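In: Dropping a prediction and its sequence here:
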Amino acid sequence: MGTRLTLHLEGPGNLGAASEAAFGEATRIEGACSTWDPDSAWSQLNTTGQGTLAPEWIALLTEAKAWSGRLEGAFDPVLGRLIAAWGTREGGRVPSAHEVEAARQVSGVAHLQISGDRVTLTDGAWVEGGGFVKGYALDRMAGLLKARGVASGLLDFGGQLLVFGRPREVSIADPVSRDRARIKLQLKEASLACSGDAVRGKHLLDPRTGRPCEAWGEVAVVAARGFDADVLSKLYVLGPTDGLAWAEAHGVAAAFLPNTGAPRLSRAFRALHPVLIPETR
């Protein structure tokens, strides 16, 4: 999935075999959902605009589509054309206003139609799983490891963490000085995901406008499932004020870290007893 996967496992049994099984599960998911691999099921769907998918992928896309409505458009799994327009996979480019509008017209979950095991993408829209497949893979790997008797684990998938068993102290980096922790907390049976201009690059797109978000800092979200944490980290798109209001209204544990000034924490995040580290810059 274009990033590093690290597993820290504890417990009896053959941890090496359990690790290999977890890596294999990540590879299986990538093989189906990758939009970098032209032979994957999702790439084929993007190419043809329609197809029959396995129940697992139908369920995943259905849940992703539902989340787009809940998050007021801050998250959308059908942004492939906009991502291509901005060249985010090739180091970035600045498209013309016409290119942006043309890509925006063929982006968004309104173009994703699911009926039984059939999926249709209208008007040449493309599915893109970069905002939720990694979290889903973390959930699947954790479930597999637990089933194999692994007592405790810390999974780090490109910076998104998932902890089960023994709690672990984790940190959230300063949005400007990435080598310095800004918040520390104990993560227990949960996943931590972050989004921001420093985390995901300067072209984190706002699905509502088709343009890059304002570079204001980063957001960190803690949720029981990796999928939910991955999706909810897109609260970054709403900004620190509207994003915090949404998190409060929905009981989400979220921390908004502006580039300057103190972090703003939701009540659910404060309930995790985080330790805030003062700025030094």
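Out: Received, thanks. Keep in mind that what you see is a predicted model, and the values were worked out from it rather than measured.
In: how about low-confidence regions in the protein?
Out: Applying pLDDT under 70 to the chain flags the ranges 198-203, 280-281.
In: one more time with 90
Out: 1-3, 12-13, 88-92, 177-178, 197-204, 278-281 (pLDDT under 90).
In: Residue ranges of each domain in it, please.
Out: As assigned by automatic domain parsing, the chain contains the domains 36-124, 167-276.
In: quick one: the strands in the stretch 151-281 of the chain?
Out: For the stretch 151-281 of the chain, the strands defined by DSSP state E, counting those that start in this stretch occupy 152-157, 160-164, 168-173, 181-187, 190-196, 205-206, 211-212, 217-223, 253-258, 264-265, 275-276.
In: And the stretch 1-150 of the chain, by the same measure?
Out: Using DSSP E, counting those that start in this stretch, the strands found in the stretch 1-150 of the chain span residues 5-10, 50-52, 112-115, 118-121.
In: closest to A262 out of those?
Out: Judged by Cβ to Cβ, the one of the strands of the stretch 1-150 of the chain that comes nearest to A262 is strand 5-10, at 30.8 Å. In short, each C-beta sits where N, CA and C put it, glycine included.
In: Give me the buried positions along stretch 170-185.
Out: For stretch 170-185, burial by neighbour count (16 or more other Cβ atoms under 10 Å) applies to V170, S171, I172, A173, D174, P175, V176, R182, I183, L185.
In: Residues in a beta bridge with the fourth one, which ones?
Out: What it means is A173. For A173, the beta-bridge partners under DSSP bridges are A181.
In: Surely it touches R182?
Out: Yes: the pair A173 / R182 is scored as a contact, 6.4 Å apart, by Cβ atoms under 8 Å.
In: From P55, how far out is A142?
Out: 21 Å (Cβ to Cβ, to the nearest Å).
In: quick revisit: most tightly surrounded among the domains of the chain?
Out: domain 167-276 (a mean of 20; mean count of other Cβ atoms under 10 Å).
In: So what would you say the end-to-end distance of that one is?
Out: Distance across domain 167-276, first residue to last, is 19 Å (Cα to Cα, to the nearest Å).
In: How about residues contacting stretch 41-61?
Out: Stretch 41-61 is contacted from outside by 32-38, 77, 80, 112, 114, 116-122, 124-127, 129, 132-133, 136, using Cβ atoms under 8 Å, 6 or more residues apart in numbering.
In: bridging residues for the spatially closest residue to T62 that is not a sequence neighbour?
Out: Distance criterion Cβ to Cβ, 6 or more residues apart in numbering; nearest residue to T62, sequence neighbours excluded, is I114 at 5.7 Å. Listed by DSSP bridges, the beta-bridge partners for I114 are V119.
In: State the distance from I114 to T52.
Out: For I114, the distance to T52 (Cβ to Cβ) stands at 11 Å.
In: go on, A22?
Out: Separation of A22 from T52 (Cβ to Cβ): 28 Å.
In: Repeat that for S266.
Out: Per Cβ to Cβ, S266 is found 41 Å from T52.
In: again with G2
Out: To T52, G2 is 27 Å away according to Cβ to Cβ.
In: Same question for V275.
Out: Distance from V275 to T52, by Cβ to Cβ: 50 Å.
In: Could you do L161 as well?
Out: Distance from L161 to T52, by Cβ to Cβ: 35 Å.
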